[in-house]
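*Asks:* return atomic coordinates for the entry below.
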Amino acid sequence: MNDLLGVQFDGLQLDNPLMPASGPLVGDFDKLRFMQDAGCGAVVTKTISTKAPVIPRPCIYGDRDYVMNSELWSEHPLATWVDVFLPAFMKIKDRPLIISVGYTEADMELLIPALDRFADAFEVSTHYVGTDLAKIGRTVAAIRARTAKPIYMKISPHLPDAAGFAAAIRQNGANGVVAVNSLGPTMKVDLMNRRLVYGNADGYVWTSGPVIKNLALAAVRKIKSAAPSLTVIGTGGIQSADDVLEFLVSGASAVQMLSGALLRGKDLYAKIVADMPAALKKYGFSSMAEAAAVTLSTPVSYEPVVPVLIPERCTKCQLCVRVCPYFAMVLLDRITIDPAKCFGCGLCIAKCPTKALR
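*Replies:* Numbers count the residues shown, from 1 in each chain. Sure, this is the predicted structure:
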């Protein structure tokens, strides 16, 4: 295992913490081989199920910071995975393979025995299972009865009780959580033609990408705090080596990325792996394992602090004046802040393009 970038959990050893997330980029043998060649620490398959999906076209929309996707699980049947894709991958495989499966307890009774000999671990999508934790627990138990491999349950953001989810899957034999799945339902409006686009028959899609990163980070931390013994694999919005580190210090043992590559190109996997050593050095970490061992502090103050202007950095663009929700800022000879009005909210500091406020 790589001493600098390597991570290990549940008996799995990864040369770096980056994996692909389950989806269109890992849907057959050639795509799995691409991810291995790109240097991902582990490879994850597209979700395999027991029936063929009916997928609307077009099914993927990409904007600046999000992807909307109405694509479903693997379009290839179980037999093709078992007889063609996975045997071919086994011949070249040199890192852990996580097989994604879905969705019901009945599906698992068929899928796990058929796929177990290929898997180093299983990821289980709960996207279409609903919010019944008892049903999710029974699904985990059905898998555990059929494999000794690690099991990671993928949580959807619509599940209201992340801590309850963690407890239910742990009690039934899961090793960890993949957090989070895409957010939805969402929709895309074509205003000119008065119609919904990129959706299923009801017009709805799922949203992922950088726009959900902060939600995903919070989910990782909440789950790890509620169930420290569970492994958490973070996913949702990753597009840089810095993002990888944010997930690790928030409680993740490893991460997955899909939407970032759909938005910025498939070469992003290799770029992030190459950027990891510099990111570690930038933030003062000696290894990925050290980053994953961090416990974040939570500094909280309830007293307002009036921002201080750094005049030599200020370009007088007045963005701070325009966005201030307390009408506390004005441009005179320079940006001036009224301490009687300033609430200390911090928005101006976050928005200043030249970091002229602190």
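*Asks:* going by C-alpha atoms from here, please, whenever you check contacts or count neighbours.
*Replies:* Will do.
*Asks:* in space, what's closest to residue 139 - neighbours in sequence excluded?
*Replies:* Leaving aside its sequence neighbours, residue 139 sits nearest to residue 105 (C-alpha to C-alpha, 6 or more residues apart in numbering; 4.5 Å).
*Asks:* next, count neighbours for residue 307.
*Replies:* Residue 307: 18 surrounding residues under other C-alpha atoms under 10 Å.
*Asks:* what pLDDT is listed against it?
*Replies:* Note on residue 307: pLDDT of 97.
*Asks:* got a list of what it touches?
*Replies:* Residues near residue 307 by C-alpha atoms under 8 Å, 6 or more residues apart in numbering: 337, 344, 346, 349, 357, 358.
*Asks:* what about it, helix or strand, and which?
*Replies:* Assessed by DSSP states H and E, residue 307 sits outside every helix and strand.
*Asks:* and the strand or helix carrying residue 279, what's buried?
*Replies:* Here residue 279, judged by DSSP H and E, is contained in helix 268-282. For helix 268-282, burial by neighbour count (16 or more other C-alpha atoms under 10 Å) applies to 268, 269, 270, 272, 273, 276, 277, 279, 280.
*Asks:* distance-wise, check the fifth one relative to residue 310.
*Replies:* According to C-alpha to C-alpha, to the nearest Å, residue 273 and residue 310 sit 37 Å apart.
*Asks:* strands - which of the contacts of residue 307 land there?
*Replies:* Cross-referencing the contacts of residue 307 against strands under DSSP state E gives residue 337.
*Asks:* so which of the contacts of residue 307 is the most crowded?
*Replies:* For the contacts of residue 307, the largest number of neighbours (other C-alpha under 10 Å) sits with residue 357, at 21 neighbours.
*Asks:* give me the phi and psi angles of the spatially closest residue to that one that is not a sequence neighbour.
*Replies:* The shortest distance from residue 357 to any non-neighbouring residue, by C-alpha to C-alpha, 6+ apart, is to residue 309 (4.7 Å). Backbone torsions for residue 309, taken as degrees, to the nearest 10, come to phi -80, psi 140.
*Asks:* what's near enough to touch residue 309?
*Replies:* 335, 356, 357, 358.
*Asks:* ok, now residue 303?
*Replies:* For residue 303, the contacting residues are residue 344, by C-alpha under 8 Å, 6+ apart.
*Asks:* if we use 10 Å, what do you get?
*Replies:* With contact set as C-alpha atoms under 10 Å, 6 or more residues apart in numbering, residue 303 has these partners: 343, 344.
*Asks:* ok, now residue 354?
*Replies:* By C-alpha under 10 Å, 6+ apart, the contact list for residue 354 reads 310, 312, 313, 314, 315, 317.
*Asks:* which of those residues are buried? Put it as a ChimeraX command.
*Replies:* Buried residues among the contacts of residue 354 (16+ other C-alpha under 10 Å), as a ChimeraX selection:
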select :314
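*Asks:* list of residues touching the following helix or strand past the helix holding residue 279?
*Replies:* Per DSSP H and E, the first helix or strand lying C-terminal to helix 268-282 is helix 288-292. Outside helix 288-292, the residues within contact range by C-alpha under 10 Å, 6+ apart are 2-8, 16-17, 244-254, 276-277, 279-280, 283-285.
*Asks:* same thing but at 8 Å, please
*Replies:* Residues contacting helix 288-292 (C-alpha under 8 Å, 6+ apart): 4-7, 16-17, 245, 248-253, 280, 285.
*Asks:* after it, next one along is what?
*Replies:* Following helix 288-292 in sequence order, the next helix or strand is helix 319-323 (DSSP H and E).
*Asks:* show me which residues of that next one are buried.
*Replies:* Those would be 320, 321, for helix 319-323 by 16+ other C-alpha under 10 Å.
*Asks:* how many other residues sit next to residue 135?
*Replies:* Applying other C-alpha under 10 Å, we find 15 residues neighbouring residue 135.
*Asks:* tell me what the host helix or strand of it is packed against?
*Replies:* Under the criterion of DSSP H and E, residue 135 resides in helix 133-144. The helices and strands touching helix 133-144, judged by 3 or more C-alpha pairs under 8 Å, 6 or more residues apart in numbering; DSSP states H and E, are helix 105-115, helix 162-171.
*Asks:* kindly recompute the last result at 10 Å.
*Replies:* When contacts are defined as 3 or more C-alpha pairs under 10 Å, 6 or more residues apart in numbering; DSSP states H and E, helix 133-144 packs onto helix 105-115, strand 121-125, strand 151-155, helix 162-171.
*Asks:* measure the spatially most central residue of the chain to residue 75 for me?
*Replies:* By C-alpha atoms, centre = their mean, the chain has its centre lying nearest to residue 235, at 1.4 Å. Separation of residue 235 from residue 75 (C-alpha to C-alpha) stands at 23 Å.
*Asks:* ok, now residue 153?
*Replies:* On the measure of C-alpha to C-alpha, residue 153 and residue 75 end up 21 Å apart.
*Asks:* quick one, which of the two is more surrounded?
*Replies:* Ranked by neighbour count (other C-alpha under 10 Å), residue 153 and residue 75 place residue 153 first, with 28 against 19.
*Asks:* tell me what the more buried one is bridged to.
*Replies:* Beta-bridge pairing for residue 153 (DSSP bridges): residue 124, residue 177.
*Asks:* assess the claim that it and residue 177 are in contact.
*Replies:* Yes. Applying C-alpha atoms under 10 Å, one finds residue 153 in contact with residue 177, separated by 4.8 Å.
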